[in-house]
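Peer 1: My questions are about this predicted structure, shown below with the sequence.
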Amino acid sequence: MEAPREDWHQGEVVHRSRGGASPLSDAAVPLAVAAFNLPTRFEYGPGVGERAGELVAGLGAKRVLVVTDKGVVGAGVLDTIRKSFEVSGLKVEVYDEIVPNPRDTSVTEGARILKSAACDGVVGLGGGSSMDAAKAIRAMAYAPGRINDYEGFFKFGGLRPPIPLVEIPTTSGTGSEADAWAVITDTHRCYKMGMGDPALAPDVALVDPKLTLDLPPLVTAGTGMDALCHALEVYVARGATPVTDALAIYAVELAARHLGPAVADGHDLEARAGMSLASMIAGMAMSNCDCGIIHSMAESVGSLYDVPHGLAIGAFLPIGAEYNLASRPAKFARLAEALGRDVRGKHGLEAAREVIAALRGLRRNLGVPTPRELGLNPGDFEKLATFSVQNMSTPGNPRAIDETGFVALFKRAYEEHDCS
């Protein structure tokens with residue numbers, strides 16, 4: 001992963017694509033140095049979760065702490081994974097107190113349990129909250145101070161803890177299994193802290209679409225919009241590279257194809273597999289390039305209102321993309337094409353604006369709430385703007401914005417509707 005760096009986009013280019021001349025990545029022929037790193041090993045495909053015990057034991061662990069939530073336990077997913085662990089001779093400790101927008105207090109308690117039980121491996125099982133908490137718990141079992149001391153970039157010094165971390169997602173959206181980021185709520189400030197460091201990256205990610213079957217429609221929609229947003233924001237971000245571009249645009253195409261069917265039918269394994277793949281590869285891209293203001297705004301709303309992250313992302317996705325259109329018209333036109341819009345005969349901003357129609361239509365069709373429907377209070381806009389300016393994703397946005405700009409954007413989002 002890398003901290004935000006200087007923008008290297010040098011202008012717009014047009015390439016030949018399906019349907020004729022279509023604007024594609026304006027970083028297609030870069031004249032700059034790029035780096036890409038993935039410290040995580042990936043196991044993807046239906047049924048790979050059944051090999052969890054074998055793979056964790058192969059990393060040298062003998063007693064593992066499973067970090068998860070009550071919903072995963074109640075759905076029986078933990079039982080499936082626990083059996084695999086026990087067959088492989090692993091002892092299992094369970095910490096299932098993780099809640100959406102995981103708390104700093106949960107990280108402290110989880111690290112205490114890990115040390116007191118003498119666990120030599122950590123498994124994050126669940127959605128992004130459980131996986132982010134697992135990252136932070138492993139790190140804080142070996143780092144001094146509190147997790148609150150590590151907000152920002154590279155605060156752990158890039159030194160990976162001496163015990164393995166395996167992430168097993170049960171949703172398709174956060175991509176936390178693939179990246180070196182964690183977002184933890186500071187309960188004193190009521191603020192979602194972002195932290196990015198190679199020390200947080202998992203050793204292994206087991207991505208089994210079967211574990212996402214029968215996820216409720218609104219959860220599927222929200223997490224799917226999060227995966228789509230990761231890909232979209234990384235694709236246009238200041239730190240984008242040809243490698244992140246390739247991963248991100250494929251993730252957008254996968255989400256455009258599979259998110260609707262996944263929401264409509266919880267048993268559709270092909271749709272679930274497509275979304276699991278979209279989430280994973282968007283996470284790979286995000287591990288090497290930060291997002292932008294859509295995440296800043298959504299995380300600020302999550303801090304203040306404790307709403308599910310994916311629904312907040314879906315709510316602000318159209319307005320955030322619209323704000324950035326003029327900074328990357330060629331890339332947004334390519335995104336519109338990836339989302340299924342016909343941009344033939346359209347150029348520049350005319351083609352780019354098709355993204356907004358696509359995103360509003362998707363939000364409406366999936367039943368994801370608008371910002372007003374999330375219950376925002378206009379009296380909170382200034383505080384939300386302050387949180388958003390401070391968010392670590394804001395510097396990566398392709399278009400600059402200050403606190404006054406965020407206030408205006410929250411106001412516009414509040415008045416937004418999905419009639420287009």
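Peer 2: That came in fine, so what should we check first?
Peer 1: tell me the contacts of the nearest residue to residue 129 once chain neighbours are set aside?
Peer 2: Among residues not flanking residue 129 along the chain, residue 102 sits closest, at 4.6 Å (CB to CB, 6 or more residues apart in numbering). Any C-beta I mention is one placed from the backbone N, CA and C, and that applies to glycine too. Counting by CB atoms under 8 Å, 6 or more residues apart in numbering, residue 102 touches 129, 130, 132, 133, 136, 183, 184, 185.
Peer 1: how close does residue 375 get to residue 308?
Peer 2: 12 Å (CB to CB, to the nearest Å).
Peer 1: Just want to know which of those two has more residues nearby.
Peer 2: Remark: of residue 375 and residue 308, residue 308 carries more neighbours, 20 against 10, as counted by other CB atoms under 10 Å.
Peer 1: There's contact between that one and residue 225 in this structure, I believe.
Peer 2: No - contact between residue 308 and residue 225 fails when scored by CB atoms under 8 Å: they sit 10.5 Å apart.
Peer 1: Need the CA coordinates for stretch 200-212. PDB is fine.
Peer 2: This file holds the C-alpha atoms of stretch 200-212, laid out as PDB (Å, rounded to 0.1, in the frame of the first residue of the first chain):
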ATOM      1  CA  LEU A 200      -2.200  -4.800   8.900                       C
ATOM      2  CA  ALA A 201      -2.300  -6.900   5.800                       C
ATOM      3  CA  PRO A 202      -3.500 -10.500   6.200                       C
ATOM      4  CA  ASP A 203      -1.200 -13.400   5.400                       C
ATOM      5  CA  VAL A 204      -3.900 -15.400   3.700                       C
ATOM      6  CA  ALA A 205      -7.400 -14.500   2.400                       C
ATOM      7  CA  LEU A 206      -9.900 -17.400   1.900                       C
ATOM      8  CA  VAL A 207     -12.700 -16.100  -0.400                       C
ATOM      9  CA  ASP A 208     -15.500 -18.600  -0.600                       C
ATOM     10  CA  PRO A 209     -18.600 -17.400  -2.300                       C
ATOM     11  CA  LYS A 210     -20.600 -20.200  -0.600                       C
ATOM     12  CA  LEU A 211     -20.200 -18.400   2.700                       C
ATOM     13  CA  THR A 212     -22.100 -15.400   1.200                       C
END
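Peer 1: Nearest spatial neighbour of residue 415, chain-adjacent residues omitted?
Peer 2: Nearest one to residue 415, counting by CB to CB, 6+ apart, is residue 372 at 7.6 Å.
Peer 1: Torsion angles phi and psi at the one you found?
Peer 2: phi -60, psi -40 (degrees, to the nearest 10).
Peer 1: Who are the contact partners of it?
Peer 2: 414, 415, 416.
Peer 1: List only buried entries from the residues you listed.
Peer 2: 414, 416 (16 or more other CB atoms under 10 Å).
Peer 1: Between the contacts of residue 102, which sits nearest residue 53?
Peer 2: residue 130 (18.5 Å; CB to CB).
Peer 1: what about the strands in the stretch 1-150 of the chain?
Peer 2: For the stretch 1-150 of the chain, the strands defined by DSSP state E, counting those that start in this stretch cover 14-17, 20-23, 41-44, 63-67, 91-95, 121-126.
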